[in-house]
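**Q** the following comprises the amino acid sequence and a computationally predicted model.
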Amino acid sequence: MRRALLALMGGIALLAAAGSRPAGAQDLACDPGDREVHSLSFVGNHAFTDDQLALRIVTTASTWSRRHLRVIGTRRCLDSDELFKDKYRLQLLYRQAGYYNTKVDTLVTPVSQGEVDVSFLIEEGQPVRITRLTISGLDSVRSRNEVLSGLWMAVGKPYDMTRLEQDVQTILSRLRNVGYPRPDVLRDYETSTKDSLTAHIALTFLPGPLAHIGTVQVAVTPNNSKRQEISDRIVRKLVGTGPGDIYREQTLVDAQRNLYQTGAYRFVQVEPLIDSMTFATDSTVNLKVTLIEDYMRDVNTEFGWATLDCFRARAQIVDKNFLGGAQRLELTGQLSKIGWGIMENNFTMHNLCYWPNLRQDPFSATGNYSVNATVRQPALFGTWATPSFSLYSERRSEYQAFLRQTYVGGEASLFKVLSSTASLRLGYNIELGKTIADPALLCAAFARCDSASIAQDTTKLPLAVLSGVVARARTDNPINPTDGYAFRIESRNSATFLGSDPQLTFIKGVGDFAWYHPVGFGNILALRLRVGAIWGGADVPGGRQPPQQERLYAGGPTSVRGFEQNELGELLYVFDSVRVVGLPRAPGQDSTVYFVWDSTRSVRPRRIVPIGGNSLFVMNMDYRIRSFLLPELLQFTMFTDVGTVWNRNTQANSKFKPYWTPGVGLRVFSPLGPIQINAGYNPYPQVFGPALYTAGIGSKNAQAFPNVYCAVSPFTPVADAPKAFLQNGVWQPQQGVTCNPTYQQPSRSGFWHRLTFTFSIGPDF
């Protein structure tokens with residue numbers, strides 16, 4: 001103990017030498033005649049990084065923009081007194097980590113008139129290491145192995161006081177979570193810092209008596225002096241623990257969270273009455289729950305804008321004590337894609353909502369809506385999980401892909417909070433609706449080319465899905481994270497025994513993983529991986545295809561930014577202007593024609609239809625650079641995206657072929673999240689795809705040619721051209737003939753023409 005006391009006194013002396021004020025509070029403003037700090041470096045450090053050491057000292061270099069541009073940025077100058085104290089600040093840091101013999105010196109080197117480079121020369125030496133570690137007093141604890149698992153301290157580790165104390169507090173916290181509300185510890189440290197550089201550590205824990213919950217006292221203050229809305233009996237159910245249960249500190253935290261999540265209380269406190277403990281072999285702890293009720297009914301409205309949804313409005317009515325028992329009723333209505341047809345002459349709408357592109361998409365030309373009634377019952381299963389039951393009707397669309405109309409649907413779900421950062425959601429959903437996709441896509445992907453088959457494929461069918469989602473987010477900011485990680489894994493499964501039509505069965509899994517890490521100077525490295533796969537689907541020529549609304553897509557501002565929205569992968573090109581070529585027919589035979597797209601006139605397709613796939617791979621790497629001008633508002637991004645979408649188990653295009661697109665972007669922080677403008681460079685040639693002809697709605701050819709027909713190059717031999725036959729007065733495509741990918745848009749030439757510009761609001765990943 002004497003040596004440990006001497007070491008403690010040495011640390012106090014270093015702290016006094018380093019100064020009592022925190023390093024971050026020092027003033028390094030430059031006065032006339034002061035020397036500017038051009039650069040700051042550390043030499044000889046191994047136990048700590050340069051960034052870790054720089055955080056512990058006052059001396060700081062001028063900002064990059066100041067040193068290189070000489071116009072903007074912050075100028076910082078050398079303070080000789082603080083430089084002297086910085087030596088002892090670093091020595092104190094090393095001493096706390098077990099490096100008692102560390103020596104620190106400084107080197108100030110002039111680089112120009114009024115500028116200096118500052119270096120800290122560090123001789124770390126060997127650390128004091130733990131040679132004996134004894135932990136006692138836990139033999140009577142039933143969860144001893146759990147309490148002692150995963151600790152940092154061990155024989156051979158440096159004598160790091162900070163980490164040792166962290167482990168001690170971890171053990172005490174774990175004891176409070178296995179039934180011991182008032183644990184304590186006796187510390188005995190012996191160190192030798194001159195010859196052997198050894199440390200002997202003895203920790204004696206005093207867990208105290210094992211405790212169980214006694215009574216649960218409830219004190220509720222009604223809102224505005226009204227009567228109490230939620231009874232004490234329901235409150236005790238929401239607490240989730242009661243008389244006879246083992247005392248666990250985490251249970252009290254969970255109880256407080258459960259009560260807050262009802263939204264019915266402005267103030268929640270769940271605390272143990274430790275003074276009520278009886279100090280015997282087995283004791284009890286009484287709990288006190290203090291609550292202040294809030295308004296039980298809310299009306300919420302929202303109005304905003306999204307990249308592809310344009311303007312959207314949402315209204316919600318909430319009853320937090322529906323029919324008593326703390327049931328929560330939510331009535332929600334939402335409209336999006338507002339004003340496509342109504343406000344098509346408004347100049348602002350055109351530009352904000354990409355009107356020139358979206359007006360050509362039949363799925364984005366009408367508004368989307370949803371109405372939903374949800375009841376949540378937090379006390380049905382105690383506090384193990386929160387069930388909810390919903391009825392809804394909706395219309396939703398995906399740009400250039402599909403329009404899903406749900407006439408009526410219902411869902412039962414169970415939400416479980418696994419920890420403060422993780423959750424689990426299980427759900428069963430059944431709905432009656434139909435999916436409207438582009439006729440050309442139904443023809444190429446699902447072999448539905450004639451009007452009768454298309455109508456059959458878009459009829460009302462029951463769809464039932466059993467789903468599960470596991471999510472965890474350990475980031476420092478949910479909107480603009482700079483450190484930590486997050487992942488989300490979702491599984492969706494549809495089968496006939498669940499209630500689905502045989503054409504709509506599938507198994508689907510999608511995983512999202514994101515990681516963020518600061519790399520100094522306010523810059524961030526962000527990585528994201530998104531993978532997905534679908535199995536099953538309807539039997540069609542060429543393989544099994546899942547329902548259109550479940551297919552996987554890539555490309556766009558939150559995916560591979562070198563491609564337009566959903567346009568990575570196979571594409572279809574739809575023409576409404578082709579040449580109809582008639583063939584000679586023999587007497588008594590039906591008329592025969594085939595369709596040719598005219599390359600000589602450079603006729604472009606009316607629309608491009610992404611096929612999507614049953615397999616997805618997307619990886620994004622962002623280097624986000626803090627702006628030197630308005631750093632709290634602007635951020636620049638250098639990114640590289642790699643991704644692909646493909647179809648497994650099909651006759652063609654079943655190979656994994658990744659596409660790589662680099663680019664740069666600008667992020668502007670706003671209350672709605674980052675506003676992002678990206679420019680992705682696409683070095684790849686245009687994709688070959690089938691050229692299909694559909695007569696436009698209302699056109700003069702719509703009645704004569706009501707189906708989907710393959711259009712071929714004018715150089716295709718007549719014998720190889722897919723043909724259409726006149727049957728019963730209606731032109732029908734030739735059955736059993738595929739449409740080969742023969743059309744390619746004109747190649748992009750020049751650097752600027754290979755750039756794809758994307759725009760989005762909100763977190764990208």
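**A** Sure, I can see it.
**Q** spit out the contact partners of R472.
**A** Taking Cβ atoms under 8 Å, 6 or more residues apart in numbering as the criterion, R472 is in contact with L418, S419, T421, A422, S423, A486, F487, R488. Glycine gets a C-beta too; all of them are placed from N, C-alpha and C.
**Q** tell me the buried residues in the helix or strand T661 falls within?
**A** According to DSSP states H and E, T661 maps onto strand 659-668. Applying a neighbour-count criterion of 16 or more other Cβ atoms under 10 Å, one finds Y659, W660, T661, P662, G663, V664, G665, R667 buried in strand 659-668.
**Q** got the contact list for the following helix or strand past that strand?
**A** Towards the C-terminus, the helix or strand next in line after strand 659-668, according to DSSP H and E, is strand 675-681. Contact with strand 675-681 is made by 557, 560-563, 637, 639, 641, 661-669, 751, 754-761, 764, as judged by Cβ under 8 Å, 6+ apart.
**Q** how about a cut-off of 7 Å?
**A** Counting by Cβ atoms under 7 Å, 6 or more residues apart in numbering, the neighbours of strand 675-681 from elsewhere in the structure are 557, 561-562, 641, 661-668, 754-761, 764.
**Q** now the element after that strand, going C-ward?
**A** Heading C-terminal from strand 675-681, the first helix or strand you meet, by DSSP H and E, is strand 691-693.
**Q** just checking: what are the partner strands of that next one?
**A** Strand 691-693 has the following strand partners under DSSP bridges: strand 571-575 (parallel), strand 709-712 (antiparallel).
**Q** point out the most buried one among those.
**A** Relative to the other members of those, strand 709-712 carries the highest mean neighbour count by mean count of other Cβ atoms under 10 Å, namely a mean of 26.
**Q** now that one: mean pLDDT?
**A** Rounded to a whole number, the mean pLDDT of strand 709-712 is 86.
**Q** what do you get for stretch 228-236?
**A** When pLDDT is averaged over stretch 228-236, the result is 90.
**Q** ok so, going back, in a markdown table, list the buried residues of strand 659-668 along with distance to R376.
**A** Converted to a markdown table, these look like this (distance: Cβ to Cβ, whole Å):
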| residue | distance to R376 |
| --- | --- |
| Y659 | 43 |
| W660 | 45 |
| T661 | 43 |
| P662 | 46 |
| G663 | 43 |
| V664 | 45 |
| G665 | 39 |
| R667 | 36 |
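**Q** coming back round to it: JSON lines please, covering the strands paired with strand 691-693 and showing distance to V220.
**A** JSON lines is the format used below for the strands paired with strand 691-693 (distance: least, Cβ to Cβ, whole Å):
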{"stretch": "strand 571-575", "distance to V220": "62"}
{"stretch": "strand 709-712", "distance to V220": "72"}
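**Q** to V470, which of the ones you listed lies closest?
**A** Closest to V470 of the strands paired with strand 691-693 is strand 571-575 (Cβ to Cβ; 33.7 Å).
**Q** what does the helix or strand following that closest one contact?
**A** Sequence order places strand 579-582 as the next helix or strand after strand 571-575, per DSSP H and E. Applying Cβ under 7 Å, 6+ apart, the contact partners of strand 579-582 are V593, Y594, F595, V596, D598.
**Q** between the following helix or strand past strand 579-582 and strand 571-575, how many degrees?
**A** Moving toward the C-terminus from strand 579-582, the first helix or strand encountered (DSSP H and E) is strand 592-596. Going by axes from the mean of the first three to the mean of the last three Cα atoms, to 10 degrees, strand 592-596 is angled at 110 degrees with respect to strand 571-575.
**Q** C-terminal to strand 592-596, what's the next element?
**A** Taking DSSP H and E as the definition, the helix or strand that follows strand 592-596 towards the C-terminus is strand 607-610.
**Q** elements contacting that next one?
**A** Contact partners of strand 607-610 among helices and strands, from 3 or more Cβ pairs under 7 Å, 6 or more residues apart in numbering; DSSP states H and E: strand 571-575.
**Q** neighbouring contacts of the strand it packs on?
**A** Applying Cβ under 7 Å, 6+ apart, the set of residues contacting strand 571-575 from outside is 438, 440-441, 444, 597, 605-611, 687, 689-694, 711, 743.
**Q** in the stretch 451-600 of the chain, where is pLDDT below threshold?
**A** Judged against pLDDT under 70, the low-scoring parts of the stretch 451-600 of the chain cover residues 451-458, 538-544, 584-590, 599-600.
**Q** could I get the full set of helices for the stretch 151-300 of the chain?
**A** Under the criterion DSSP state H, counting those that start in this stretch, the stretch 151-300 of the chain carries helices at the ranges 161-176, 232-239, 249-261.
**Q** so which of those helices is nearest T505?
**A** That would be helix 249-261 among these, by Cβ to Cβ, at 35.6 Å.
**Q** by contact count, what packs against that closest one?
**A** With contacts defined as 3+ Cβ pairs under 7 Å, 6+ apart, helix 249-261 has these neighbours: helix 232-239, strand 265-273.
**Q** sorry, back to before: possible to save the buried residues of strand 659-668 as a markdown table with pLDDT?
**A** Converted to a markdown table, the buried residues of strand 659-668 look like this (pLDDT from 0 to 100):
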| residue | pLDDT |
| --- | --- |
| Y659 | 95 |
| W660 | 95 |
| T661 | 96 |
| P662 | 97 |
| G663 | 96 |
| V664 | 96 |
| G665 | 94 |
| R667 | 92 |
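**Q** quick one on the thing from earlier: partners of the strand holding T661 in the sheet?
**A** Under the criterion DSSP bridges, the sheet neighbours of strand 659-668 are strand 634-646 (antiparallel), strand 675-681 (antiparallel).
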